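J.: I'd like to go over a predicted model; first the sequence, then the structure.
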Amino acid sequence: MNRKGRSSVKSPVTADLAALSGLDREDLVARWQALYGVPPPRKISRQLLLQAVAYRLQEQASEGLKPATRRYLEQVASGDKRQKTAVLVSAKPGTRLLREWRGVTYEATVLDDGVLFQGRKYRSLSEVARAITGARWSGPLFFGLKRKSGEKEKNL
């Protein structure tokens, strides 16, 4: 172990990554094609080629992308310009949320694809919390659906 508590034993991926910088462009193109299954863009710089190959090697070593990242990339690739924001897994459509803020009680209604607040549709509870307070808040935290520092959400 080294000073930071990490193992000093190098993994095969670490060795592959270290070897990449010594490859010429032709070898990097071959590695790209092997990893991605298609040739790289014709005018891609050597630096970007190197970074893309290194990224793919690390991605494969860590068993791929996180599901949320994969969904986001699929959404972008489909051309859907709208940002899809999950409301709350535990707040079903139709749920009315009440919050008192500075002496005023506010009501928001959870919809299938957002939140209705004062006759206007918002994409998330965080947007509603910002409209109420003028500051950036975690919507679930503001409406009392999530507690601070790792406590679980309440089921509604």
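T.: Good, I have the coordinates. Everything quoted here is computed from the prediction, not taken from an experiment. Numbering: from 1, shown residues only.

J.: switch to C-alpha atoms for all contacts and neighbour counts from now on
T.: Noted.

J.: strand partners of the longest strand anywhere in the chain, parallel vs antiparallel please.
T.: As far as residue count goes, and with DSSP state E defining each element, the longest strand of the chain is strand 104-111. For strand 104-111, the paired strands and their directions (DSSP bridges) read strand 96-101 (antiparallel), strand 114-117 (antiparallel).

J.: how about the spatially most central residue of the chain, secondary structure?
T.: When the chain is reduced to its mean C-alpha position, the closest residue under CA atoms, centre = their mean turns out to be Thr69, at 5.0 Å. Here Thr69 is recorded as helix under DSSP: H, G, I helix; E, B strand; the rest coil.

J.: when you give positions from now on, start the count at 14
T.: Let's use 14 as the start, then, which means that last one is Thr82.

J.: And Arg43, how close does it get to Ser34?
T.: You called it Arg, but residue 43 is Ala. Using CA to CA, to the nearest Å, one gets 14 Å for the distance from Ala43 to Ser34.

J.: wait, what's in contact with the residue nearest to the centre of the chain?
T.: Residues near Thr82 by CA atoms under 8 Å, 6 or more residues apart in numbering: none.

J.: swap in Leu48?
T.: Residues in contact with Leu48, defined by CA under 8 Å, 6+ apart, are 66, 69-70.

J.: List the residue ranges of the protein that fall below the pLDDT cut-off.
T.: By pLDDT under 70, the low-scoring segments of the chain are 14-24, 93-103, 160-169.
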